[in-house]
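# compute the structure for the input listed below.
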Amino acid sequence: MIDYLVIVPISYLLGSIPFGLIAGKLLRSVDIREHGSGNTGMTNVLRTVGRPAAALVLALDMGKTVLAVVIARLASDSSGVEVAAALTVLLGHNWPVFVSFRGGRGTASAWGGLLILSPISGLVALVVGVPLIAITRYVSLGSITAATFGALALIVLAAAGHHPLVYTWFGVIGGVLVVVRHRDNIQRLIRGTERKLGQRVDLAADGN
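Residues are numbered from 1 along each chain as shown. This is a model prediction of the structure:
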């Protein structure tokens, strides 16, 4: 029990670090929450700051979950603590305490969790998501689909005995969190008003 009491708060605070917001402030002197989707995740960084910053934020947001699970493994031999660490990073990323609980949608952090818990599941998410984004130019559609298939892969692998059964909770809860956080995107996809990859935000116009 003590493992959870230590790892969970650390993981949440780690997840709450708003790398997207920091990148916007440092590189463009903008608060990306005031532009585009208003989220602090990689996709909004891509539209408001640019590709290099987006790539860096993607790596850092993925790294938050990887680091939390590594810390959990060093501090405990419990697979449940690993899952708790990964999920609380995701919660921290989506609802960060440092910036009034306005975070991202969790795609990068969830992908980092898949890769560290089950590299095959992370690869499934990559193989599904990247081509779909390339074909449709909708990052949200690729993210939702990748999260769904990656989560399903993790659940199947854990149920088949290739991973601890408790890992299924990351697949179920993490997958649902990512999809639910994309509910606005889903509505825009249905209406045909979702922004496509490559559509930059006009910061001057967006701020008026």
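# tell me how far the host helix or strand of A85 lies from the chain's centre.
Element membership for A85 (DSSP states H and E) is helix 79-94. In terms of C-alpha atoms, centre = their mean, to the nearest Å, the gap separating the centre of helix 79-94 from the centre of its chain is 11 Å.
# list the buried residues in that helix.
Using 16 or more other C-beta atoms under 10 Å as the test for burial, helix 79-94 gives 79, 81-94. From N, CA and C alone the C-beta is placed, and that goes for glycine too.
# packing partners for that helix?
Secondary-structure packing of helix 79-94 (3 or more C-beta pairs under 8 Å, 6 or more residues apart in numbering; DSSP states H and E): helix 2-15, helix 51-75, helix 107-117, helix 175-181.
# now that helix: average pLDDT?
Helix 79-94 shows a mean pLDDT of 97 in the predicted model.
# again, but for stretch 7-24
On average, the pLDDT along stretch 7-24 is 95.
# got any ranges where the protein has weak pLDDT?
Residues of the chain that meet the criterion pLDDT under 70 lie in 198-208.
# one more pass at 80, please.
Scanning the chain for pLDDT under 80 picks out 1-2, 36-37, 197-208.
# list the contacts of stretch 136-154.
Residues outside stretch 136-154 that contact it (C-beta atoms under 8 Å, 6 or more residues apart in numbering) are 43, 46, 105, 107, 110-111, 114, 117-118, 120-122, 124-126, 128-130, 132-133, 163, 167-168, 170-172, 174-175, 178-179, 182, 185-186, 188-189, 194, 196-198.
# how about 6 Å then?
Identification of contacts with stretch 136-154 by C-beta atoms under 6 Å, 6 or more residues apart in numbering yields 43, 107, 110, 114, 118, 121, 124-125, 128-129, 132-133, 167, 171, 175, 178-179, 182, 185, 194, 196-197.
# please check the residues you listed and keep the buried ones.
Buried members of those, scored by 16+ other C-beta under 10 Å, are 43, 107, 110, 114, 118, 121, 124-125, 128-129, 132-133, 167, 171, 175, 178-179, 182, 185, 194.
# tell me how many other residues crowd the residue lying closest to D3 once chain neighbours are set aside.
Leaving aside its sequence neighbours, D3 sits nearest to S76 (C-beta to C-beta, 6 or more residues apart in numbering; 4.0 Å). By the criterion of other C-beta atoms under 10 Å, S76 has 18 neighbours.
# gap between S76 and A85?
As judged by C-beta to C-beta, to the nearest Å, S76 and A85 stand 9 Å apart.
# do F98 as well
If you go by C-beta to C-beta, the gap between F98 and A85 works out to 18 Å.
# cool, S100 as well?
For S100, the distance to A85 - C-beta to C-beta - is 24 Å.
# can you check V30 too?
Distance, V30 to A85, by C-beta to C-beta: 32 Å.
# repeat for D3
Using C-beta to C-beta, we find D3 at a distance of 10 Å from A85.
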